[in-house]
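K.L.:
Okay, here's the prediction I keep looking at, along with the sequence it came from:
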Amino acid sequence: MKRRLGLSLVLAVVLLLAVPLATMAANPTVAITVTAEVVAITNTQATWGIGTVALDAVVYFSATGSQDDDYSQIENTGSVAVDVEIQGENIEGGDYDWTLATAAGSETYSLYANDDDTPTVYDIEVKSSTYTDLATSFAVDDTKTWSMKFTTPSAFNAADDGAQKSATITLVASASA
């Protein structure tokens, strides 16, 4: 009788252990999908050779020289919506540099941008001290055309040597909030 009781007890323990082991064999899983936040843009036009300019001249960043010809195209090549900002700088070269200002004046020039939302309205002031919004909440894989309007100084220093001058315009993208 002891043997039967012992065997029955062992069999009962084995059966009790087998139930949880069988239940644990079907392990549930969780699939994880993730995308890295990548902020990236491209711009089709990397240079603007204006050439020789006269006083109070207005020059457009365009293929035709026309104010309604948005010349460059930004594309959001990242993985998140972005805000794109623009900043300019003073133009340097020769004996006298030109300062970037709200309006052209003596030894100062102005630079305004537009985007495809307002192709003939240059209302985005390009500043040298701060960045200005060019595009906001710019979706992934979206493109936006844009251009600039350059107004030359109203007066040059009489001693200016007429040498070539240059500046850089910078576009910066950041993830949209």
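P.N.:
Thanks, I have it. Numbering: from 1, shown residues only.

K.L.:
Now for E75: which residues touch it?
P.N.:
Neighbour list for E75: I41, T42, D141, D142, T143 [criterion: Cβ atoms under 8 Å, 6 or more residues apart in numbering]. The C-beta positions use only the backbone N, C-alpha and C, and glycine is treated the same way.

K.L.:
scratch that, T151 is what I was asking about
P.N.:
Taking Cβ under 8 Å, 6+ apart as the test, what T151 contacts is D56, A57, V58, V59, A103, A104, Y109, S110, L111.

K.L.:
Now do the second one against I86, distance only.
P.N.:
So the one you mean is A57. 22 Å (Cβ to Cβ, to the nearest Å).

K.L.:
The protein: strands as residue ranges?
P.N.:
41-43, 58-60, 72-76, 82-87, 99-100, 108-115, 124-125, 132-138, 143-151, 170-175 (DSSP state E).

K.L.:
beta partners for W98?
P.N.:
I91 (DSSP bridges).

K.L.:
From A163, how far out is it?
P.N.:
W98 is 12 Å from A163, where distance means Cβ to Cβ.

K.L.:
more neighbours, the two?
P.N.:
More crowded of W98 and A163, by other Cβ atoms under 10 Å: W98, with 22 against 9.

K.L.:
Do I have it right that that one meets Y109?
P.N.:
Yes. Using Cβ atoms under 8 Å, W98 is in contact with Y109, at 4.9 Å.

K.L.:
what sits in contact with each of these two?
P.N.:
Joint contacts of W98 and Y109 (Cβ under 8 Å, 6+ apart) are I91, P153.

K.L.:
Any chance you could give me stretch 151-160 in CSV, C-alpha atoms only?
P.N.:
The C-alpha trace of stretch 151-160 is given here as CSV (Å, rounded to 0.1, in the frame of the first residue of the first chain):
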residue,chain,number,x,y,z
THR,A,151,18.4,94.7,-53.1
THR,A,152,21.8,96.3,-53.5
PRO,A,153,23.0,99.3,-51.5
SER,A,154,21.7,102.7,-52.4
ALA,A,155,25.2,104.1,-52.1
PHE,A,156,28.7,102.6,-52.4
ASN,A,157,31.7,104.2,-50.8
ALA,A,158,33.5,106.2,-53.5
ALA,A,159,36.7,104.4,-52.6
ASP,A,160,35.2,100.9,-53.0
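
K.L.:
just how off-centre is that stretch within its chain?
P.N.:
Centroid displacement of stretch 151-160 relative to its chain, using Cα atoms, centre = their mean, to the nearest Å, is 34 Å.

K.L.:
top of the contacts of E75 by neighbour count?
P.N.:
I41 (17 neighbours).

K.L.:
which residues does it bridge with?
P.N.:
N76.

K.L.:
before we move on, what about A173?
P.N.:
Applying DSSP bridges, one finds that A173 bridges with V84.
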